[in-house]
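*Asks:* Provided below are the primary sequence and the corresponding predicted coordinates.
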Amino acid sequence: MKTLLIVYHSLTGGTLQMARAAADGAAREPGVNVRLETAAAAVPEHLLAADGYLFACPENLAAMSGVMKDFFDRSYYPVLDHLQGRPYATLICAGSDGSNAARQIERIATGWRLKAIAEPLIVCTHAQTPEQILAPKRIGAADLLRCEETGATLAAGLALGIF
Ligand SMILES: Cc1cc2nc3c(=O)[nH]c(=O)nc-3n(C[C@H](O)[C@H](O)[C@H](O)COP(=O)(O)O)c2cc1C
């Protein structure tokens with residue numbers, strides 16, 4: 001049995017929906033145990049115990065959200081040199097951009113020598129004004145399906161041992 005760890009942070013619910021959709025897609029794979037953890041609760045032991053990863057967070061102030069960054073800050077050195085070659089994918093929920101958050105996670109994953117199985121999946125909620133940005137988000141069905149497919153692909157590859 002392989003384990004897929006999904007670590008996520010969400011302020012207004014968008015990333016949470018994306019992470020849950022990815023978890024649903026991955027859970028359809030019988031050979032894979034899916035572990036969904038908030039970035040605040042995730043610890044290095046979760047990373048060490050998993051075979052593949054999905055990192056999901058919003059872009060805030062042109063960077064990954066602070067809570068997600070805190071997870072990487074706490075985990076980076078404790079697991080360095082122990083995760084080589086394991087597969088991962090990234091989901092970013094953004095108002096209009098998302099590329100910087102994706103790039104930051106990519107750099108950390110490169111340091112860990114993880115293997116990207118797909119380009120970062122960025123979903124834009126088109127929130128521009130303070131009111132829109134602070135409002136609860138609802139991710140559309142087509143975008144949720146893309147997240148589901150990312151989770152399913154990662155899980156299928158893990159189960160088959162093809163990554
Ligand atoms: C403090 C703050 C800063 C933000 N900065 C950016 C940004 O730099 N680029 C961007 O595309 N969206 C930005 N956003 C918008 C969020 O990424 C967007 O609302 C996203 O849907 C939030 O995801 P969540 O619902 O999972 O929290 C920002 C939001 C907040 C609260």
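*Replies:* Received, thanks. Since the model is a prediction, treat every value here as computed from it, not as a measurement.
*Asks:* Return the alpha-carbon coordinates of stretch 115-123 using CSV.
*Replies:* What follows is stretch 115-123, C-alpha atoms only, in CSV (Å, rounded to 0.1, in the frame of the first residue of the first chain):
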residue,chain,number,x,y,z
LYS,A,115,10.1,14.6,-9.3
ALA,A,116,7.3,16.8,-10.7
ILE,A,117,4.6,14.6,-12.4
ALA,A,118,2.8,17.6,-14.0
GLU,A,119,3.0,21.3,-14.4
PRO,A,120,1.6,23.2,-11.4
LEU,A,121,-2.1,23.5,-11.7
ILE,A,122,-3.2,27.1,-11.1
VAL,A,123,-6.8,28.0,-10.6
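*Asks:* can you give me the strands in the protein?
*Replies:* For the chain, the strands defined by DSSP state E occupy 2-8, 32-38, 52-60, 63-64, 87-94, 115-116, 121-124.
*Asks:* Mind putting those into CSV with mean neighbour count and mean pLDDT?
*Replies:* C-beta here means a position set from N, CA and C on the backbone, and glycine is covered the same way. Putting the strands of the chain into CSV (neighbours: other C-beta atoms under 10 Å; pLDDT from 0 to 100) gives the following:
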stretch, mean neighbour count, mean pLDDT
strand 2-8, 23, 98
strand 32-38, 18, 98
strand 52-60, 27, 98
strand 63-64, 22, 98
strand 87-94, 26, 98
strand 115-116, 14, 98
strand 121-124, 19, 98
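*Asks:* Would you tell me which of those strands gets closest to Ala141?
*Replies:* strand 121-124 (11.8 Å; C-beta to C-beta).
*Asks:* helices or strands up against the closest one?
*Replies:* helix 14-27, strand 87-94, helix 141-160 (3 or more C-beta pairs under 8 Å, 6 or more residues apart in numbering; DSSP states H and E).
*Asks:* Can you tell me the strand partners of it and which way each runs?
*Replies:* strand 87-94 (parallel) (DSSP bridges).
*Asks:* quick one: the strand it pairs with to helix 141-160, angle?
*Replies:* If you take axes from the mean of the first three to the mean of the last three C-alpha atoms, to 10 degrees, strand 87-94 sits at 170 degrees to helix 141-160.
*Asks:* who's in contact with the residue nearest the centre of the chain?
*Replies:* Nearest residue to the geometric centre of the chain (C-alpha atoms, centre = their mean): Phe55, 1.9 Å. Phe55 sits next to 7-8, 68, 88-91, 105, 109 when contact means C-beta atoms under 8 Å, 6 or more residues apart in numbering.
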